[in-house]
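Colleague: Let me see the structure of the following:
(4 chains)
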Protein chains: 2
Amino acid sequence: MGAQLHQLLREAIVQTTLKPGTALSETDIATRYQVSRQPVREAFIRLAQEDLVEIRPQRGTFVRRIVAANVLDARFVREAVEVAVAREAAMNADAAAIARLHVTLKAQAAAHDNPGFLSADEAMHREIALIAGRESAWRIVDQVKAQMDRVRYLSYVDVSPIDQLLSQHRAIVDAIAAHDADAAEMAVRIHMAEILQQLPELARRYPEMFETS
Amino acid sequence: MGAQLHQLLREAIVQTTLKPGTALSETDIATRYQVSRQPVREAFIRLAQEDLVEIRPQRGTFVRRIVAANVLDARFVREAVEVAVAREAAMNADAAAIARLHVTLKAQAAAHDNPGFLSADEAMHREIALIAGRESAWRIVDQVKAQMDRVRYLSYVDVSPIDQLLSQHRAIVDAIAAHDADAAEMAVRIHMAEILQQLPELARRYPEMFETS
DNA sequence: GCTGCTATACTACCATACAAGCAGTTATTG
DNA sequence: CAATAACTGCTTGTATGGTAGTATAGCAGC
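Modeller: Residues are numbered from 1 along each chain as shown, chains lettered A, B, ... in the order given. Here you go, the predicted structure:
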């Protein structure tokens, strides 16, 4: 149950269903999900290690506010890793792998609603990491990604231009299919720059969700 | 107490004081450190999330064996991130920063025993990340590094040539001091390739510490 | 001698009770 | 009236008992 709770809460936080700054009480969550405090507590510990909540002893547990510097660092790490991953994928990709990538592209084009697109998005990036043979490297990206995704879910109603993201994805896949590592690197870097444009605007619009420090 | 326990056990595992494959019992650790089982359990959860132990429900908790693929992926991630960090550090470094790097170099040269060198090593890499203004990016590297450090501690008795590592460090610092990003990148890549040479030899020598899968 | 069952001794997991600390409010006192 | 002290309601932290599952050693039966 503890692991499931962690998964549930994690999703809720990343999707900003649980808004940054919200107080999470162990007993509250426990009664809500009909379990004791212990599994909840353990879920909190996991979330704290992912920097999604902050446990302040004897005071409370709070959904971490978004810290712009952390989001930028997450982006930085993700760019570095995904660039390297894409280069390796470009070297390794065989016909079957390229076919799988095209499938995820189709799925993205089909799912025009935002939540669907985001999961297809995630699936594609993950697939690229698997093609590169870097499964456990993807676990790191996935962890870091959470900080960025919270921002994306803030903006998903209005800002993000899906067509643009989709064409960026196409560029990445094309480069990998052409076994062109340099082109893949460039395509990933362009793609990773996307969030940089949204962040300042969002910090201005939702100040209560950001850490002012 | 839970957090302290986590720190203690983490160190013991990374330094292979607790050998890969060892069974860790909640009650054992609890009685040994004079606490109840709960804090121990919470420490285990943290360690599991860092992939340092494996909790098998109703069976036991075990120090994870070293998986060569995971070490290689950790190295891969670390190289990607530290290359990017070093490039930024080369851009940002001012006189004071360069002076701090020289201090850590001196500390490394002074501490000729292995444990001392490793902590000075860590301090230098951390300092570079701070100079680059990527503090939270370093947290990721630090986490990933644990998988590599376990291997380094296996080899610290005999294999690792400290003088060689030190000269590699000097190359990195020189490149940063010269504000030469390309040189910094090259120096870091060379440095990160070091562990690649040790890994196969160690897997052969200590097979019981490695996962055969 | 070999196979299969059973008792037992472990394990992690969950629930519950108690302890300790912080904060805001209320009562008390100078 | 003001300042302070105690009180009350919250929080996380820790300890402990009971549960369910697994692995193993030993015995029974073939």
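Colleague: Now the residue lying farthest from the centre of chain A, what are its backbone angles?
Modeller: The C-alpha centroid of chain A is most remote from A:Gln58, which lies 30.9 Å away (CA atoms, centre = their mean). For A:Gln58, the backbone dihedrals (degrees, to the nearest 10) come out as phi 60, psi 10.
Colleague: for A:Arg56, same thing?
Modeller: phi -110, psi 110.
Colleague: A:Ala80 and chain B, how far apart?
Modeller: A:Ala80 is 4 Å from chain B, where distance means CB to the nearest CB, to the nearest Å. The way it works is simple: take the backbone N, C-alpha and C, and place the C-beta from them, glycine included.
Colleague: Could you report the neighbour count for that residue?
Modeller: 24 (other CB atoms under 10 Å in any protein chain shown).
Colleague: got a list of what it touches?
Modeller: B:80-81, B:83-84 (CB atoms under 8 Å, 6 or more residues apart in numbering or on different chains).
Colleague: which one of the residues you listed has the most neighbours?
Modeller: B:Val81 (27 neighbours).
Colleague: And it, how far from B:Ala96?
Modeller: 24 Å (CB to CB, to the nearest Å).
Colleague: Kindly report the same for A:Ala123.
Modeller: Distance from A:Ala123 to B:Ala96, by CB to CB: 46 Å.
Colleague: Among the contacts of A:Ala80, which one lies nearest to A:Asp149?
Modeller: Closest approach to A:Asp149 among the contacts of A:Ala80 (CB to CB): B:Val81, at 19.3 Å.
Colleague: quick one on the thing from earlier: show me what contacts the residue farthest from the centre of chain A?
Modeller: No contacts exist for A:Gln58 under CB under 8 Å, 6+ apart.
Colleague: Find me the pLDDT at it, would you?
Modeller: The model reports A:Gln58 with a pLDDT of 94.
Colleague: circling back: please render the contacts of A:Ala80 as TSV that adds distance to B:Asn70, pLDDT and secondary structure to the earlier fields.
Modeller: Formatted as TSV, these follow (distance: CB to CB, whole Å; pLDDT from 0 to 100; DSSP: H, G, I helix; E, B strand; the rest coil):
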residue	distance to B:Asn70	pLDDT	secondary structure
B:Ala80	16	98	helix
B:Val81	16	98	helix
B:Val83	20	98	helix
B:Ala84	22	98	helix
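Colleague: how close does the spatially most central residue of chain A get to DNA strand D?
Modeller: In chain A, the C-alpha nearest the mean C-alpha coordinate belongs to A:Lys145, at 3.3 Å (CA atoms, centre = their mean). Distance, A:Lys145 to DNA strand D, by CB to the nearest atom of the strand, to the nearest Å: 26 Å.
Colleague: how about that residue, secondary structure?
Modeller: helix (DSSP: H, G, I helix; E, B strand; the rest coil).
Colleague: these two touch, right, it and A:Val81?
Modeller: No. Assessed by CB atoms under 8 Å, A:Lys145 is found out of contact with A:Val81, at 10.3 Å.
Colleague: Spell out which parts of chain A neighbour DNA strand D.
Modeller: Residues of chain A found near DNA strand D (CB under 7 Å from any atom of the strand) are A:24-28, A:37-38, A:41, A:44, A:55-61.
Colleague: Same question for stretch A:123-140: list its buried residues.
Modeller: Within stretch A:123-140, the residues that count as buried by 16 or more other CB atoms under 10 Å in any protein chain shown are A:124-125, A:127-129, A:131-132, A:134, A:136-140.
Colleague: What about chain B: which of those touch it?
Modeller: A:134, A:136-137, A:140 (CB under 8 Å from any CB of the partner chain).
Colleague: Could you list which of the residues you listed belong to helices?
Modeller: A:136-137, A:140 (DSSP state H).
Colleague: List the contacts of the lowest-mean-pLDDT helix or strand in chain A.
Modeller: Scoring the helices and strands of chain A by mean pLDDT, DSSP states H and E places helix A:194-205 at the bottom, with a mean of 89. With contact meaning CB under 8 Å, 6+ apart, helix A:194-205 is reached by A:66, A:68, A:71-72, A:75, A:148, A:151-152, A:154-155, A:159-160, A:164-165, A:168, A:210.
Colleague: again, only this time at 7 Å
Modeller: A:68, A:71, A:75, A:148, A:151, A:154-155, A:159, A:165, A:210 (CB atoms under 7 Å, 6 or more residues apart in numbering or on different chains).
Colleague: Same question for stretch A:128-139.
Modeller: Residues contacting stretch A:128-139 (CB under 7 Å, 6+ apart): A:81, A:85-86, A:88-89, A:92-93, A:97, A:126, A:141, B:69-70, B:73, B:76-77.
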